[in-house]
Every structure is written in C-alpha cells, then in structure tokens.
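Student: curious how this folds, go ahead:
(2 chains)
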Protein chains: 2
Amino acid sequence: MKVILYMAITANGMIAKPDDSTPWSEKEWKSYSSFVKKAGSVILGNKTYRLMLEDNTFKRLGDPVTIVLSSYPKPEDVKNKNHFFVDTPQKALEILKKKGFKMAVVGGGGKLNSIFMREELVNEIYLDVEPMLFGKGIKLFKDADFEAKLELVGTKKLSKNEIQLHYKVKEIVDVVKEF
Amino acid sequence: MKVILYMAITANGMIAKPDDSTPWSEKEWKSYSSFVKKAGSVILGNKTYRLMLEDNTFKRLGDPVTIVLSSYPKPEDVKNKNHFFVDTPQKALEILKKKGFKMAVVGGGGKLNSIFMREELVNEIYLDVEPMLFGKGIKLFKDADFEAKLELVGTKKLSKNEIQLHYKVKEIVDVVKEF
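Tutor: Next comes the predicted model:
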C-alpha cells in the first residue's frame, strides 16, 4: 500500500497558526480535496479530526473512509459509520487494506505526521506551499527523532503564488536521542 | 536599501539540525556563496557568526563585510576589520548604507531572521529547499509574533532534487500576543 502525506504548509513549514486556524486559499482546498476524494480515504490525528468535524469538512470531502489515530476508542457522539478509531498507524493501514484501498493519505496534524514518518510508513509527500509565513505555529512534524532523505519528483504551480512540491521518501534515519 | 533573507531549509522549514549542523549540498553552497560574494556583505546572528568563524567560512565567501547582531561588543579575539558588532538591526543596515551597499543579506540564524521580519525590514526571501526533513531542528524563524504575506517571484532548480523559492514580502502582520 502506498502511503502519501499531503499537507499545506507556509513557506517556513507551519501547517496552522498557534490557534489551529489554516487560512489557505481556494486553490489549495481544491487540490487537497480532489486528492482525498480520489483516494476515498484519509488518516487523521484526533485533534485534526475534531477540527474537521466541527467545520463539516468531511461532507465537502465526499464522506471519505476516515481513520482516526487516537488513544481513546470511538466516542459515542461520532455516528458516521465511515469513521474508525485506532491506536496504532499499522492498524489504520490494516483497515484500509482490508477495505481494498491501494493508497492511504496521511493528513495531519503534526503529531500524526511524525508518528508515520518515524515508523517509516510514508512513501511520498505532497506539500502545497502557501505564500505566507507564521512566526509561530503548528509545525509539519511535531518534534521527533528522525531525519529523512527525499527525492524531488516534481513541482506544480497551484496558482500565481502557490507551488506544490512532490517528494519520494528515500530513506528514514532514526536519530539517536542525545539525552 | 533592499534587504534579502537568504537561507537553505529542509522541506519542513529547518535551517539546521538540533546540533547546529547543516549538511547541505555543494550546489546549495555554490548558490549561497555566489549570492553573498555578489552582495559583498552579510548580516548574521552571534551564534551563526561563531559557527562560520570556526569553519573558516568567511574566507570561502571572499571576506564579505560582516555585521553581527549581538548584545555584546566586538570581542577582542575578533581581529577581522571587516567584521562589525551592533545591537540593533537598524544599526546593521546603517553601517552597510554608509559603506555604499545597496543590498543587505540576512543570513540567519532563526533568532536574527525573526528580528528582521518583526521589524518589517525584509523585502525579499530566497529559500533553497533541500531534499531532507529534520524531525527536530532549528527553525527558519525562532518563535515570534508576526505573520507575513508573500508573493512568489520565481522558482529555480538548483539541482535534480533542490529547488529555490524566491519571494517578495508583501505585508507583515503583527500578531497581538494572546497572553
């Protein structure tokens, strides 16, 4: 199964403002939503899931099969039968495999992204670079002990000021903790 | 005077590993050093300056006029007469203006970059995006209360896997502190 991390980021690598807001463009939304619709599924961290639930984002994404990585079981207020709660990234991929998916989209936040990278589960990365800088914010990867070597597969202009970078993950280096 | 921030970053916005190392490519060095040589000067934070001094980087950069932003005066062990110590970004630019420079290069680290952004002194930004991710590291901007809107002026492939993003700074938004 091919696992793809897809995120919009500022030019300094932030995926949201400190208050979790993501003031991205219509063009970015179009690119992201087309991608998820085509995939038919998305894997999210618990916080990102809650934010998207509140914004009614799943409807606009065509009700994809949604796997939430969480240390808690599926809450009772979540009625959508397309939404699943698991406690490891491997279980998330297992569910999608069983459902016949050939591709999984990892869609944030920073903690989830780091877990998937550290476990060496990500094959490709799409970054929609928004023409913004946040002096503070939520980073693409929550601090984690890994380094990755990438291959630039291609670039695509989403609009006059937005560029999409497409990478293959070539190698994950597990960095030994210093302390 | 045109002020340009020029930095190499990983695809997730890190300018160095946690131990300050910067394993960038020869192509990136060529691009960066050509830029600084052409400018004839560079503004650095104290830590970045020390690291470059230890590596004998200034010789390889053609001995540029180097302005160090530091809360301390010029140390006695610094003998190079082309190196100046100042305690505000405005004074750094003032020295370069007096010397007839039309352009200033802001060259890191993250703290210096944030100071120049917050003071609304940066006109353009070049980011050489290296095909790497650091799960932890030194961010392009040390946490600071600002947001910026950018215009993508152009992109340039430095090599197969490296792309340079060139932005104009359109607007700096001073974010009110929440606490």
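Student: hmm, the lengthiest helix in chain A in reach of chain B?
Tutor: Counting by DSSP state H, the longest helix found in chain A is helix A:26-39. No - Helix A:26-39 stays out of contact with chain B when judged by Cβ under 8 Å from any Cβ of the partner chain, the minimum separation being 12.4 Å. Placement of C-beta: from N, CA and C, glycine included.
Student: which strands and helices lie in contact with that helix?
Tutor: strand A:2-10, strand A:103-106, strand A:124-130, strand A:146-159, strand A:162-174 (3 or more Cβ pairs under 8 Å, 6 or more residues apart in numbering or on different chains; DSSP states H and E).
Student: mind redoing it with 6 Å?
Tutor: For helix A:26-39, the contact count by 3 or more Cβ pairs under 6 Å, 6 or more residues apart in numbering or on different chains; DSSP states H and E identifies strand A:103-106, strand A:146-159 as packing neighbours.
Student: angle of that helix against strand A:2-10?
Tutor: Helix A:26-39 and strand A:2-10 meet at an angle of 170 degrees, taking axes from the mean of the first three to the mean of the last three Cα atoms, to 10 degrees as the criterion.
Student: which parts of helix A:26-39 are buried?
Tutor: A:K27, A:E28, A:W29, A:S31, A:Y32, A:F35, A:V36, A:A39 (16 or more other Cβ atoms under 10 Å in any protein chain shown).
Student: let me know the closest of those residues to chain B.
Tutor: Distance to chain B, by Cβ to the nearest Cβ, is smallest for A:K27 among the buried residues of helix A:26-39, at 12.4 Å.
Student: isn't that closest one right next to A:L158, touching?
Tutor: Yes - counting by Cβ atoms under 6 Å, A:K27 does reach A:L158; the two are 4.7 Å apart.
Student: spatially central residue in chain A, please.
Tutor: A:G107 (1.7 Å; Cα atoms, centre = their mean).
Student: what's the separation between it and A:H166?
Tutor: 16 Å (Cβ to Cβ, to the nearest Å).
Student: next one: A:A144
Tutor: From A:A144 across to A:H166, the span is 22 Å (Cβ to Cβ).
Student: so who does A:L133 touch?
Tutor: A:T10, A:A11, A:N12, B:A148 (Cβ atoms under 6 Å, 6 or more residues apart in numbering or on different chains).
Student: just give me the closest of those residues to B:K97.
Tutor: B:A148 (23.6 Å; Cβ to Cβ).
Student: correct me if wrong: the closest one contacts B:K170.
Tutor: No - the criterion here is Cβ under 6 Å, and B:A148 misses it with B:K170 at 7.7 Å.
Student: the more surrounded of these two?
Tutor: Of the pair B:A148 and B:K170, B:A148 is the one with more neighbours under other Cβ atoms under 10 Å in any protein chain shown, namely 24 against 12.
Student: what bridges to that one?
Tutor: Applying DSSP bridges to B:A148 gives these bridge partners: A:L133, B:I172.
Student: what residues does chain A have near chain B?
Tutor: Applying Cβ under 6 Å from any Cβ of the partner chain, one finds that chain A approaches chain B through A:12-13, A:131, A:133-136, A:140-141, A:143-148, A:150-152, A:161.
Student: of those residues, keep whichever come out buried.
Tutor: Buried among the residues of chain A next to chain B (16+ other Cβ under 10 Å): A:12-13, A:131, A:133-136, A:140-141, A:144, A:146-148, A:150, A:152, A:161.
Student: and the residues you listed, which is closest to A:N80?
Tutor: For these, the nearest to A:N80 is A:L140 (27.3 Å; Cβ to Cβ).
Student: pLDDT score for that closest one?
Tutor: A:L140 carries a pLDDT value of 98.
Student: now swap in A:K177 and tell me
Tutor: 55.
Student: what do you get for A:N80?
Tutor: Note on A:N80: pLDDT of 94.
Student: I'd assumed it was in a strand, is it?
Tutor: No - assessed with DSSP: H, G, I helix; E, B strand; the rest coil, A:N80 is coil; it does not lie in a strand.
Student: gap between the residue in chain A that chain B sits nearest to and A:A148?
Tutor: Closest to chain B within chain A is A:G13: 2.4 Å, counting by Cβ to the nearest Cβ. A:G13 sits 13 Å away from A:A148, going by Cβ to Cβ.
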